[in-house]
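**Q** Okay, here's the prediction I keep looking at, along with the sequence it came from:
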Amino acid sequence: MPLISPWRADFPAIDALQRQGQTYLDSAATTQKPQALLDALMHYYCNGAANVHRAQHLPGAHATQAFEASRSKVSHWLNAADSGQIIFTHGATSALNLLAYGLEGVFSAGDEIAISALEHHANLLPWQQLAQRRNLKLVILPLDAHGLIDLDAASALIGPNTRLLAVSQFSNVLGAWQPLPRLLALARAQGALTVVDGAQGVVHGRHDVQALGCDFYVFSSHKLYGPEGLGVIYAGNEALPKLAHWQFGGEMVLTADYRHAEFRAAPLGFEAGTPPIASVIGLGATLDYLDSLDQRAVADHEAQLHKRLLEGLQQRDRVRVLGAPELALVSFVVEGVHNADLAHLLTEQGIAVRAGHHCAMPLLKHLGLPGAIRVSLGLYNDSDDLLRLFSALDQSLELLA
Ligand code: PLP
């Protein structure tokens, strides 16, 4: 039985890509965009762009109103208590760097930061560099045999010296939900701050940051069917005052003279310079679109498609799936075949997948692999996309035999 995505037509690029002979299976890297977002961008740019929070004129007022309405939509999407807890950045990477610089004052030499062995470089390197700057210890929580952060090891490693825990919600390589509630509880019991990298998790289902109980939750708009150049930080009320101002310039300042300045509180105090206004407005429109979908139908579709992807790969000799992927993405290697060679042949057949270390070099090294192929799904994919993938994979493997 074919599995059809009822939302495919809402994403004009999917059709365009198909006309170019491309099957897009790289949504974990970035997603295609819904028409609702394109309409919002057109509307904003065609009706008068203006800077936000500074102009008295009418276009400025309209832009500011739309910008702040988007902040409320993001807050609602995450079930934050207050839209003032939502800070816009230029991506998940810049959000995590903002945290690693803004929280620097919380640490003293010898304190520990705990991250996991599967982190994306964006949630490893800012903490690694902070640890080097402040003479802190970076503690790496190991994984269990299923590719999940090992809770027994975590409970031994998260201790009184742990000042901060920063972990992914959903692995961009292993496609598994991490045991966040238990991990966050371990950190909270030690009075440590908690940062959740939701870059992959935010895309699947709805997540309630208050129920999760993390101090900071971070994601990128472009992976959630929104525009690029925009990231989000949710900051809990208790943690927010611990965040020092990091980037300085226009808009974040309250008063300034040549020798001294005072800065605004969050969120504007952390949004120095002109923000990505169109992207913020576009993300609001994207969330309206996503909110209008039948969430259960989306979850069912994603689950069924994932099952077919996983089964199809597992049925093929020599294919070894990494970890125990639960949803939306599967990474694999083929015995005796270099991932770059296979990626090349798939690319030649119009299959757009990702190959390499997936910005998680330490994890791939730990798995003893130079790289892997990752197939990732969006809500617009359907079973025909998978059939094209499997057919291209079989042809490639025949050639490489
Ligand atoms: N964290 C995870 C788990 C990711 O998968 C990514 C991107 O692939 C990032 C962080 C960084 O996101 P961005 O490149 O949008 O800043």
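**A** Now that the structure is in, tell me what you want to look at.

**Q** now stretch 183-194, how far from the chain's geometric center?
**A** 22 Å (CA atoms, centre = their mean, to the nearest Å).

**Q** Compute the first-to-last residue distance for that stretch.
**A** End-to-end span of stretch 183-194 (CA to CA, to the nearest Å): 9 Å.

**Q** quick one: terminal-to-terminal distance for stretch 195-211?
**A** 14 Å.

**Q** in it, what's buried?
**A** Neighbour counts using 16 or more other CB atoms under 10 Å place 195-204, 207, 209 of stretch 195-211 among the buried residues. (Glycine included, C-beta is placed from N, CA and C.)

**Q** for stretch 46-66, same thing?
**A** Result for stretch 46-66 [16+ other CB under 10 Å]: buried residues 50-53, 60, 63-64, 66.

**Q** Would you mind giving the buried residues of stretch 195-211 as CSV with pLDDT, distance to Ser391 and secondary structure added?
**A** Output for the buried residues of stretch 195-211, formatted as CSV (pLDDT from 0 to 100; distance: CB to CB, whole Å; DSSP: H, G, I helix; E, B strand; the rest coil):
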residue, pLDDT, distance to Ser391, secondary structure
Val195, 98, 42, strand
Val196, 98, 38, strand
Asp197, 98, 35, strand
Gly198, 98, 34, coil
Ala199, 98, 31, coil
Gln200, 98, 27, coil
Gly201, 98, 31, helix
Val202, 98, 32, helix
Val203, 97, 27, helix
His204, 96, 27, coil
His207, 96, 36, coil
Val209, 98, 42, helix
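
**Q** ok, and which of those reach the ligand?
**A** 197, 199-200 (CB under 6 Å from any ligand atom).

**Q** nearest to Ala266, of those residues?
**A** Asp197 (19.6 Å; CB to CB).

**Q** Tell me what the closest one is bridged to.
**A** Beta-bridge pairing for Asp197 (DSSP bridges): Ser168, Val218.

**Q** between the buried residues of stretch 195-211, which is closest to the ligand?
**A** Within the buried residues of stretch 195-211, the smallest distance to the ligand is 3.4 Å, found for Ala199 (CB to the nearest ligand atom).

**Q** Quick check on the closest one: phi, psi?
**A** When read as degrees, to the nearest 10, the backbone of Ala199 gives phi -60, psi -40.

**Q** Next: Arg264.
**A** phi -70, psi 160.

**Q** got the residues of the stretch 251-400 of the chain near the ligand?
**A** When proximity is defined by CB under 6 Å from any ligand atom, the stretch 251-400 of the chain lies next to the ligand at Cys359.

**Q** Please list all residues in contact with the closest residue to the ligand within the stretch 251-400 of the chain.
**A** Nearest to the ligand, among the residues of the stretch 251-400 of the chain, is Cys359, at 5.8 Å (CB to the nearest ligand atom). By CB atoms under 8 Å, 6 or more residues apart in numbering, the residues touching Cys359 are 120-122, 172.

**Q** can you list the residues you listed in JSON lines and add neighbour count, distance to the ligand and secondary structure?
**A** Converted to JSON lines, the contacts of Cys359 look like this (neighbours: other CB atoms under 10 Å; distance: CB to the nearest ligand atom, whole Å; DSSP: H, G, I helix; E, B strand; the rest coil):
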{"residue": "His120", "neighbour count": "21", "distance to the ligand": "4", "secondary structure": "coil"}
{"residue": "His121", "neighbour count": "16", "distance to the ligand": "8", "secondary structure": "helix"}
{"residue": "Ala122", "neighbour count": "23", "distance to the ligand": "4", "secondary structure": "helix"}
{"residue": "Asn172", "neighbour count": "27", "distance to the ligand": "3", "secondary structure": "coil"}
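
**Q** sorry, back to before: from the buried residues of stretch 195-211, which two are the most distant?
**A** Taking CB to CB, no two of the buried residues of stretch 195-211 sit farther apart than Val195 and His204, at 19.5 Å.

**Q** picking that back up, any idea of the pLDDT on the residue of the stretch 251-400 of the chain closest to the ligand?
**A** Looking at Cys359, its pLDDT reads 92.

**Q** And the strands in the stretch 51-200 of the chain, which stretches?
**A** Counting by DSSP state E, counting those that start in this stretch, the stretch 51-200 of the chain has strands at residues 86-89, 112-116, 137-141, 162-168, 193-197.

**Q** quick one, the fourth one and strand 112-116 angle?
**A** Angular relation of strand 162-168 and strand 112-116 on a 0 to 180 degree scale: 20 degrees, by axes from the mean of the first three to the mean of the last three CA atoms, to 10 degrees.
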